[in-house]
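**Q** Here is my input, please return the structure:
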Amino acid sequence: MTIFVFGSVNIDVSARMAALPRPGETVNASTYGIGLGGKGANQAVAIARLGGEVHFAGAVGRDAFGDLAISQMQEFGLGTEGIRIIDNVDTGMAIIQVEEAGQNTIAVCAGANGRWRAADVDEYAADMARAKIALLQREVPHEANLAVAKAVRAAGGAVCLDPAPVGGADHLMDLIALCDIISPNETEAAQITGIEPNDLASAEAAARAILKQGPETVIIKLGGRGSLLVTADETRHFEPFKVKVVDTVAAGDSFNGGFATAYAQGRSLHDCVLYASAAGAIAVTRPGAGAAAPTGHEVEALLKGG
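**A** Numbers count the residues shown, from 1 in each chain. Just a heads-up that it's a prediction; the model follows:
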């Protein structure tokens, strides 16, 4: 079964340093890199590398960074037939600071990602109709996300939302109501609900508050504490895989890509989260975004204890 990903395409400019700078502070970086990013592209690349059948809709500017983004998507095995090239606008850009412990800060300039309108998604009607699951994020305009969610659900597919960046939580609720699955991290869950997920009990409370908005499944990504799956009937905590953390930039996107891949294969919700957890765990052992995404063989090996 196919997966439809609608979302952002960025070029990431990342720098690695001992500790993140405080306001007004300048620090020395040990290394820097330039490469493909954007939540939509990262999740689509993750699925492609895992062996899933994915159709990706994204946008870049007609510039050198757009050319680089398309080239790198192709290098990662992701088809680029669904990429719009837009004149007179820059390709999206993310400025990323990564400290040696693996944590990061990210500032994003939308560029071409901000040019989507609801009517633009109509050209992807066939891809949306075939999708067993669609992945959405919030680095593209809200009205375009709404249009995709409505189209996929009308065709009988499931909609999974990564609600980052949250922005105005009130504005987000009409999109959440159209989603079957939502996968916030701790910060996003708190922004949406006002409940800080400091422990498993408060994380479950936040998840159940989100369930009341319409989704059937909430998966809260708890970083080093694993993840929490909550539905109307059950709550299950998944312990994290023990790995050496190098860079957390790709963790959430690889998790979501892994979940969608397993879901399209018809696995149970429990197995989907386990597969997603393994994909995210492998991703944090490597620097970068798309380049950090694991293969399906690597995920299966970790699941088997290899």
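**Q** Mean confidence (pLDDT) on stretch 272-291, please.
**A** Throughout stretch 272-291, pLDDT has a mean value of 92.
**Q** Show the end-to-end separation of that stretch, please.
**A** 22 Å (Cα to Cα, to the nearest Å).
**Q** Next: stretch 89-103.
**A** This stretch, stretch 89-103, spans 31 Å end to end (Cα to Cα).
**Q** Equivalent analysis for stretch 284-299, please.
**A** Taking Cα to Cα, stretch 284-299 runs 13 Å from one end to the other.
**Q** which parts of it are buried?
**A** 284, 286-294, 296, 298-299 (16 or more other Cβ atoms under 10 Å). (C-beta placed from N, C-alpha, C; glycine too.)
**Q** got the contact list for Gln213?
**A** 173, 176-177 (Cβ atoms under 8 Å, 6 or more residues apart in numbering).
**Q** one more time with 10 Å, if that's ok
**A** 172-177, 179, 182, 192-193 (Cβ atoms under 10 Å, 6 or more residues apart in numbering).
**Q** picking up where we left off before, looking at the buried residues of stretch 284-299, spot the one nearest Lys132.
**A** Gly296 (17.1 Å; Cβ to Cβ).
**Q** Nearest residue to the middle of the chain?
**A** Geometric centre of the chain, nearest residue: Asp253, 3.5 Å, by Cα atoms, centre = their mean.
**Q** Excluding covalently adjacent residues, which one is nearest to that residue?
**A** Asn42 (3.6 Å; Cβ to Cβ, 6 or more residues apart in numbering).
**Q** what's the spacing between that neighbour and Arg130?
**A** Applying Cβ to Cβ, to the nearest Å, the value for Asn42 to Arg130 is 22 Å.
**Q** follow-up on the earlier one: biggest separation within the contacts of Gln213, which pair?
**A** Distances among the contacts of Gln213 were taken as Cβ to Cβ; the most separated pair is Asp174 and Thr193, at 16.2 Å.
**Q** coming back round to it: Asn42 and Arg130: who's more crowded?
**A** It is Asn42, of Asn42 and Arg130, that has more neighbours when counted by other Cβ atoms under 10 Å, with 32 against 16.
**Q** my read is the more buried one is in a strand, agree?
**A** No. Read with DSSP: H, G, I helix; E, B strand; the rest coil, Asn42 is helix and lies in no strand.
**Q** got the contact list for it?
**A** Residues in contact with Asn42 (Cβ under 10 Å, 6+ apart) are 5, 7-10, 12, 36, 76, 137, 249-250, 252-254, 256-257, 283, 288-290, 292-293.
**Q** Tell me the secondary structure at the residue nearest to the centre of the chain.
**A** Secondary structure, three-state DSSP: Asp253 is helix.
**Q** what ranges do the strands span in this structure?
**A** Assignment of strands within the chain using DSSP state E yields the ranges 2-6, 10-17, 29-37, 53-61, 83-86, 92-99, 104-109, 131-136, 158-161, 181-182, 217-221, 227-231, 235-238.
**Q** just curious, which of the buried residues of stretch 284-299 is nearest to Ala46?
**A** Ranked by distance to Ala46 (Cβ to Cβ), those are led by Ala293 at 4.2 Å.
**Q** quick one, phi/psi of the closest one?
**A** phi -60, psi 130 (degrees, to the nearest 10).
**Q** these two touch, right, it and Arg49?
**A** Yes. Using Cβ atoms under 10 Å, Ala293 is in contact with Arg49, at 4.6 Å.
**Q** on that earlier part again, reformat the strands of the chain as CSV; add distance to Asp199.
**A** Output for those, formatted as CSV (distance: least, Cβ to Cβ, whole Å):
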stretch, distance to Asp199
strand 2-6, 33
strand 10-17, 31
strand 29-37, 32
strand 53-61, 36
strand 83-86, 42
strand 92-99, 25
strand 104-109, 24
strand 131-136, 29
strand 158-161, 24
strand 181-182, 20
strand 217-221, 12
strand 227-231, 10
strand 235-238, 11
